[in-house]
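[1] model this:
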Amino acid sequence: VHEKCLREWQWAVIGGPNESRALRCSVCDSSFKCGFLGLPEKTPVSEGLWVRSAALFVLVLFAALVLLRICDDSDSGHLQAKELREGMLLVATDRIGTGFFFQSVVLLVEHSTLGAKGYVLNKSPASGLVKAGEMLGGPVAMGSHLATICLGSLPRSTGAGGAKEVAQGVWWQEAPCDGQF
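    Numbering: from 1, shown residues only. Reported below is the predicted structural model:
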């Protein structure tokens, strides 16, 4: 074997899935003495260092994940999703810098393990075609339905009529809206 040819072959194999064949003999498993000159022999000491380094990395990674979980569960003043309930107002934080929910206040009208539904209270419709008290919208999800939503006080004569009280004095109903309150 020509040393120059061996080096070219080794460089071609390095970085591939079987790169060890460029460094070690596949018959006796010893390092090549030519080609890559000065490669360290594979010793039990270096293998032990690699195992210890990997174990230390896994330990540090585990500790970081535990610390992240502790910080996430800390009493930071933010509600966890399981603590949300209908009738609550969700106020966008300054972390939402753009988009539909930028500086939004959302009235949560439904919340369960299956999902949540809320209505943005502080945004006006883009066009003048929508009557007062009427907003087109729906869940923020692919393939979801659109609904016409009326928010307002109920006339005393009609009673609840299918409307749901989500907070004291706040009722909502998914139905066509005539714009009257």
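[2] Going by C-alpha atoms from here, please, whenever you check contacts or count neighbours.
    Will do.
[3] residues touching residue 28, list them.
    For residue 28, the contact set (CA atoms under 8 Å, 6 or more residues apart in numbering) is empty.
[4] Make residue 1 into 844 and carry on from there
    Sure, I'll start numbering at 844, so the last one becomes residue 871.
[5] mind checking the SS state of it?
    The three-state label given to residue 871 by DSSP: H, G, I helix; E, B strand; the rest coil is coil.
[6] so how far is residue 864 from it?
    Residue 871 sits 11 Å away from residue 864, going by CA to CA, to the nearest Å.
[7] again, but for residue 854
    11 Å.
[8] Overlap of the contact sets of the two?
    Counting by CA under 8 Å, 6+ apart, nothing touches both residue 854 and residue 864.
[9] next one: phi and psi at the closest residue to residue 951 other than its chain neighbours?
    Distances taken as CA to CA, 6 or more residues apart in numbering place residue 961 nearest to residue 951, at 4.1 Å, with adjacent residues excluded. When read as degrees, to the nearest 10, the backbone of residue 961 gives phi -150, psi 170.
[10] ok, now which ones touch residue 961?
    Residue 961 neighbours (CA under 8 Å, 6+ apart): 949-953, 982.
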